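Asks: what follows is a predicted structure for the sequence shown.
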Amino acid sequence: MSMSWADSVSAAENPAGAPSKSAYVPPHLRNRPSTDPPAQASYAGAAASLGNDHSGYGIPNVVGSRWSGQRNEYQSGYAGGGGRGGGWNGRSGGWDRGRDREVNPFTNDDSEPVSELESSAINFDAYEDIPVETSGDNVPPPVNTFADIDLGEAVNENIRRCKYVKPTPVQRHAIPISLAGRDLMACAQTGSGKTAAFCFPIISGIMRGQFPRPPRPRMAFPLALILSPTRELSCQIHDEAKKFSYQTGVKVVVAYGGAPINQQLRELERGVHILVATPGRLVDLLERARVSLQMIRYLALDEADRMLDMGFEPQIRKIVQQMDMPPPGVRQTMLFSATFPKEIQRLASDFLSAYIFLAVGRVGSSTDLIVQRVEYVQETDKRSHLMDLLHAQKENGVHGKQSLTLVFVETKKGADALEHWLCMNGFPATAIHGDRTQQEREHALRSFKTGHTPILVATDVAARGLDIPHVAHVVNFDLPNDIDDYVHRIGRTGRAGKTGLATAFFNENNSSLARSLSDLMQEANQEVPAWLSRFAARSTYGGKNRRGGARFGARDFRRDSSYNRGASGGATDYYGGGANMNSGYPSGGYNASYGTAGVTSAWD
Ligand SMILES: Nc1ncnc2c1ncn2[C@@H]1O[C@H](COP(=O)(O)OP(=O)(O)OP(=O)(O)O)[C@@H](O)[C@H]1O
């Protein structure tokens, strides 16, 4: 089957101000009447300024009168896009303080020097004919070029600096949907450009929006919140968002655990429009009353299914539903991932209002840019087998400075042990896992990215989102229990139209994964070894396998008959029936309930 990207180129359960009895109430929320909607009027597009006249709150003046003579009015209106009156036009709008301190993010790239060139060399032909499905009411049509989207000149200039020639398929569909002010649940394959798909509309919306003045000094009132599950991913999104927002005046700040909080607090005090954060550190900042979410206009969850699974859901509910964030419908919410189990979709719908579901490629599928191999290897033979692979790579010249190998293991101890063993055997390796200090984690990643240590041994902490150029080979030394984790792990290679290789060591311990692995490989046009098919035939779906007893492939859970029967009126509330399918999907869905996916390694 051809699998490429087609078009080439509650209202919250517990609304703000009504924390549950047992919930922690930060000082700035205490004694608030429970019915007080946070800054409601401001979200109606009322003219207000985010200008900072508070001492010590040095954020740029978004639409304050001081800048009125320098802005361009945006003529193309977007419903719900945050108002039209204010647009900034790149360099003419900017920070009233600290502007000249804005470091040029395009000269501050610690990745390989070739990376910029490669961005422009994205192989869009690889993405022909990918199935795209949208469902929901009045889905805005996709665009073909960045010029078709009115993101503003400053953002367009940054797109050119990034060397993005045309939008990837998920960007073609997701950006117009978001610019139209619609909530979105988007599923697209690893490495397909989801970060820009949610960053561009947020930046553009903040640039053209009119927002009220932050009510308090010494407290940060971001307009947009981007949550991601790991520190490294948050840093990466922050770096990307800074490139996309360079010289727009939109200020992006990152907050994540393991790094000194005082530095992050100082940064926040200087002002923030877009806060990129890991959930744990954000909860800390909220509890210290140093951040308020009452002005949040945009909420994006990257790796949304991970953010809503057992490990993170309570923290996310606390942040989104139990603090002072405006409810769905008032804020705009965007959920992105490469995988979206139906049970997680169901949970996620609590956070969304009349949303559009977008699937580019089959939900949870892997890209066929990645050649997948599975080898039968007993536990005791894994090290020597890995050594053979690495030796072969060396001999074939695949393993050079530009080609990196990422080796996934199940445990932190296992990562330490394998790193040590590889180094002892003459293979320059480093490791990343949750028991390492943040400094060690960052050092390991840098050393890997620059090719100094071209082998990185990692737990699942590195499985999601990380965009490391030149990862030529992903080895699943230990396979995960969950097929979605496998999809994310192998997705560290074969990104942005490039090809990659993924090798998995399989043995009896992985029997429960056999069927979903075999289905996934078949679906991605990979050769499935006969022995794996035999394992698959013997095994049933189950255990921690989220796909349950269904056929591979999933879609908007609102289209399930069980959902429509079970939800009293919910089906019509959520899903207006306007489904758009550019290509057929198998009728099977997820039948089994979502299991307790292993959350072992230290996230955040
Ligand atoms: N329009 C574009 N043209 C060229 N390159 C692009 C474009 N959009 C994104 N990229 C590049 O593609 C790579 C992958 O993008 P990104 O990290 O956003 O993928 P992703 O879909 O979020 O992946 P994952 O599911 O693993 O998180 C990045 O290096 C990014 O710079």
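Replies: Done, it's in. All values derive from a computational prediction rather than experimental measurement.
Asks: surely Asn476 and Phe505 touch.
Replies: Yes. Using CB atoms under 8 Å, Asn476 is in contact with Phe505, at 6.5 Å. For every residue, glycine as well, the C-beta is placed using N, CA and C.
Asks: so for the two, which sits in the more crowded spot?
Replies: Taking neighbours as other CB atoms under 10 Å, Asn476 and Phe505 compare with Asn476 leading, 25 against 21.
Asks: so the nearest residue to the more buried one once chain neighbours are set aside bridges to which residues?
Replies: Of all residues not flanking Asn476 in the chain, Ala504 sits nearest, at 3.9 Å (CB to CB, 6 or more residues apart in numbering). Ala504 has the following beta-bridge partners by DSSP bridges: Val374, Asn476.
Asks: go ahead and confirm Ala504 touches Tyr376.
Replies: No. Judged on CB under 8 Å, Ala504 makes no contact with Tyr376 at a distance of 10.0 Å.
Asks: returning to that earlier point: mind checking how far the residue nearest to Asn476 is from Ile130?
Replies: 24 Å (CB to CB, to the nearest Å).
Asks: circling back to that earlier point, same drill for Ala504 and Tyr376, tell me which one is more crowded.
Replies: Applying other CB under 10 Å to Ala504 and Tyr376 shows that Ala504 carries more neighbours, namely 25 against 15.
Asks: please name the residues that touch the more buried one.
Replies: Gln372, Arg373, Val374, Glu375, Val475, Asn476, Leu479, Tyr486, Leu517 (CB atoms under 8 Å, 6 or more residues apart in numbering).
Asks: just to be sure, the last one is in a helix?
Replies: Yes. Note on Leu517: a helix contains this position according to DSSP: H, G, I helix; E, B strand; the rest coil.
Asks: who's in contact with it?
Replies: Residues near Leu517 by CB under 8 Å, 6+ apart: Val374, Leu479, Ile483, Tyr486, Ala504, Phe506, Asn510, Leu532, Ala536.
Asks: tell me the SS of the closest residue in space to the second one that isn't next to it in sequence?
Replies: To tie it back to what came earlier, the one meant is Leu479. Take Leu479 and drop its neighbours on the chain: the residue closest to it by CB to CB, 6+ apart is Asn510, 4.6 Å away. Under three-state DSSP, the three-state class of Asn510 is helix.
Asks: Asn510 is in contact with Phe477, isn't it?
Replies: No. Asn510 lies out of contact with Phe477 (CB under 8 Å); the separation is 11.7 Å.
Asks: neighbours of Gly426, how many?
Replies: Neighbours of Gly426 (other CB under 10 Å): 10.
Asks: same check, this time on Val143
Replies: Neighbours around Val143, by other CB under 10 Å: 18.
Asks: likewise for Phe312?
Replies: Phe312 has 23 nearby residues by other CB under 10 Å.
Asks: cool, Arg101 as well?
Replies: 8.
Asks: measure it to Lys251 for me?
Replies: Arg101 is 11 Å from Lys251, by CB to CB.
Asks: got the contact list for the strand or helix carrying Arg306?
Replies: Per DSSP states H and E: Arg306 is located in helix 304-307. Contacts with helix 304-307, where a contact means CB under 8 Å, 6+ apart, come from 185, 227-229, 279, 301, 312-313, 316, 335-337, 339-341, 344, 348, 464, 484.
Asks: that one: which residues count as buried?
Replies: By neighbour count on 16 or more other CB atoms under 10 Å, the buried set for helix 304-307 is Ala304, Asp305, Arg306, Met307.
Asks: may I have it as CSV, with CA atoms only?
Replies: Extracted in CSV, the C-alpha atoms of helix 304-307 (Å, rounded to 0.1, in the frame of the first residue of the first chain):
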residue,chain,number,x,y,z
ALA,A,304,-1.2,14.8,23.5
ASP,A,305,-1.9,11.1,24.0
ARG,A,306,1.1,10.8,26.3
MET,A,307,0.0,13.9,28.1
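Asks: that one - what's its average pLDDT?
Replies: Per-residue pLDDT over helix 304-307 has a mean of 95.
Asks: and the next element down the chain from it?
Replies: helix 313-321.
Asks: could you name the helices and strands sitting against that next one?
Replies: If you count contacts as 3 or more CB pairs under 8 Å, 6 or more residues apart in numbering; DSSP states H and E, helix 313-321 packs onto strand 224-227, helix 279-287.
Asks: now do the helix or strand that it is followed by, average pLDDT.
Replies: Toward the C-terminus, helix 313-321 is succeeded by strand 332-337 as the next helix or strand (DSSP H and E). The average pLDDT within strand 332-337 is 98.
Asks: again, but for stretch 231-248
Replies: 97.
Asks: with stretch 509-525 instead?
Replies: The predicted confidence, averaged over stretch 509-525, sits at 95.
Asks: then stretch 470-477?
Replies: Here the average pLDDT along stretch 470-477 is 95.
Asks: surely Met219 meets Arg290?
Replies: Yes. Between Met219 and Arg290 there is a contact under CB under 8 Å: 6.2 Å.
Asks: how confident was the prediction at Lys21?
Replies: 34.
Asks: do Gly595 as well
Replies: Predicted confidence (pLDDT) for Gly595: 29.
Asks: what do you get for Glu116?
Replies: Looking at Glu116, its pLDDT is 40.
Asks: and for Gly81?
Replies: Per the predicted model, pLDDT is 33 at Gly81.
Asks: list the contacts of whichever residue of the stretch 501-604 of the chain sits closest to the ligand.
Replies: Residue nearest to the ligand within the stretch 501-604 of the chain: Ala502 (13.3 Å; CB to the nearest ligand atom). For Ala502, the contacting residues are Ile370, Val371, Gln372, Arg373, His473, Val474, Val475, Asn476, Arg489, Ile490, Thr493, Gly494, by CB under 8 Å, 6+ apart.
Asks: quick one: secondary structure of the nearest residue to Leu456 once chain neighbours are set aside?
Replies: Excluding the flanking residues, the one nearest Leu456 by CB to CB, 6+ apart is Phe448, at 4.1 Å. Following three-state DSSP, we place Phe448 in the helix state.
Asks: please apply the same query to Ile344.
Replies: Quick answer, by three-state DSSP: Ile344 is helix.
Asks: any idea how many residues pack against it?
Replies: 26.
Asks: look at Gly364 and report its pLDDT.
Replies: Value for Gly364, per-residue pLDDT: 77.
Asks: and it, how far is that from the ligand?
Replies: 11 Å (CB to the nearest ligand atom, to the nearest Å).
Asks: contacting residues for the residue of the stretch 201-350 of the chain found nearest the ligand?
Replies: Using CB to the nearest ligand atom, the closest approach of the stretch 201-350 of the chain to the ligand is made by Ala338 at 4.3 Å. By CB under 8 Å, 6+ apart, the contact set of Ala338 is Cys187, Ala188, Gln189, Thr190, Ser192, Lys194, Gly364, Val487, His488, Gly491.
Asks: where's it relative to Ile274, distance?
Replies: 23 Å.
Asks: what sits closest to Gln264 if chain neighbours are left out?
Replies: Nearest one to Gln264, counting by CB to CB, 6+ apart, is Ala255 at 4.7 Å.
Asks: get me the contact residues on this protein for the ligand.
Replies: 119, 122, 164, 167-168, 171, 188, 190-196, 338, 465, 467, 491, 495-496 (CB under 6 Å from any ligand atom).
Asks: so which of those residues belong to strands?
Replies: Ala188 (DSSP state E).
Asks: now do the helices in the stretch 151-300 of the chain.
Replies: Per DSSP state H, counting those that start in this stretch, the stretch 151-300 of the chain carries helices over the ranges 153-161, 169-179, 194-208, 231-244, 261-269, 279-287.
Asks: now the ones you listed as TSV including distance to Pro328 and mean neighbour count?
Replies: Output for the helices of the stretch 151-300 of the chain, formatted as TSV (distance: least, CB to CB, whole Å; neighbours: other CB atoms under 10 Å):
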stretch	distance to Pro328	mean neighbour count
helix 153-161	26	19
helix 169-179	15	26
helix 194-208	16	27
helix 231-244	22	23
helix 261-269	25	15
helix 279-287	18	21
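Asks: I'm done for today, thanks for sticking with me.
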